[in-house]
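Need coordinates for the below:
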Amino acid sequence: MKKSAALTRTTVSGPARRAGASNRQSLISVAEPRLIAARRLADDLAATVLPDDPAEYPALLATLTTENFADAITMLESALNQTAKPDELRALVVLMLDGLGQKAGTTAKSRITAHMIALQAAEVLIDGETASEPISAMVIAATIARIFRRSKKAPLPCELLTACMDTRKAVAKLLEWLQEVEHFGGHMRLELEWLIAKGQPGYDGKLDTDDRIPVFENRVTQ
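Here you go, the predicted structure:
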């Protein structure tokens, strides 16, 4: 089987380049699962209900940690705001073309360049056009994973750009949902702390406040 000229171009620069290509392959395989995990994290918290048995309140409170949400929010913010570097763009485009069986040929280099140009954020305004939003390696990788499942041929540069922007919009919506649920989770932790304290003998009312939001009665929905 003839090796793609595009793949040859990106892997002959030594061990560092080969390791980078491997990292891009890994990113394509994990990008979507990471986004799905973030969605599941938010959905699970939004669906949390107050146990019937007050004895279960402490166990529920112990599960409402902020660390996982902080990590997920950081990941999504990075996916929205970090522009893919040229070497990341090239490696991901090459992996996409090779994964879809793009035949090697004299035009391989031009196809790679065209896709790279399409995905680069515009830094200069021309004819009043608004500069495009950054497209990260994470967004590109998640888009390519979806293309692998749905397409038998490589997209045109403009089609790949459109698909990446659709992915980016979905990531932005997921980030908004995650932040909303995380805020809801903060109120949930405060309410559980209040319920647990109120049930203790000699409770001094220290946690009583008019600002308390009964989140178990008014949960967010999406």
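
how many neighbours does the closest residue to residue 27 other than its chain neighbours have?
Spatial nearest neighbour of residue 27, chain neighbours left out: residue 141 (4.4 Å); criterion: Cβ to Cβ, 6 or more residues apart in numbering. Every residue, glycine included, has its C-beta placed from N, CA and C. Neighbourhood size, residue 141 [other Cβ atoms under 10 Å]: 28.

So residue 141 sits against residue 28, correct?
Yes: look at residue 141 against residue 28 with Cβ atoms under 8 Å: they come within range, at 4.6 Å.

shared neighbours of those two, anything?
Residues touching both residue 141 and residue 28 (Cβ atoms under 8 Å, 6 or more residues apart in numbering): residue 92.

and the helix or strand hosting the residue nearest to residue 27, average pLDDT?
Per DSSP states H and E, residue 141 falls inside helix 137-150. Helix 137-150 carries an average pLDDT of 94.

So for whatever helix or strand comes next after it, mean pLDDT?
Once helix 137-150 ends, the next helix or strand along the chain (criterion: DSSP H and E) is helix 157-198. Mean pLDDT, helix 157-198: 91.

And the residue nearest to residue 167 when sequence neighbours are not counted, how far from residue 201?
Leaving aside its sequence neighbours, residue 167 sits nearest to residue 143 (Cβ to Cβ, 6+ apart; 4.6 Å). According to Cβ to Cβ, to the nearest Å, residue 143 stands 58 Å off from residue 201.

Could you check which of these two is surrounded by more residues?
For residue 143 versus residue 201, neighbours defined as other Cβ under 10 Å are more numerous around residue 143 (28 against 4).

so that one sits right up against residue 169, yeah?
No: applying Cβ under 8 Å as the test, residue 143 and residue 169 come out as separate, 11.5 Å apart.
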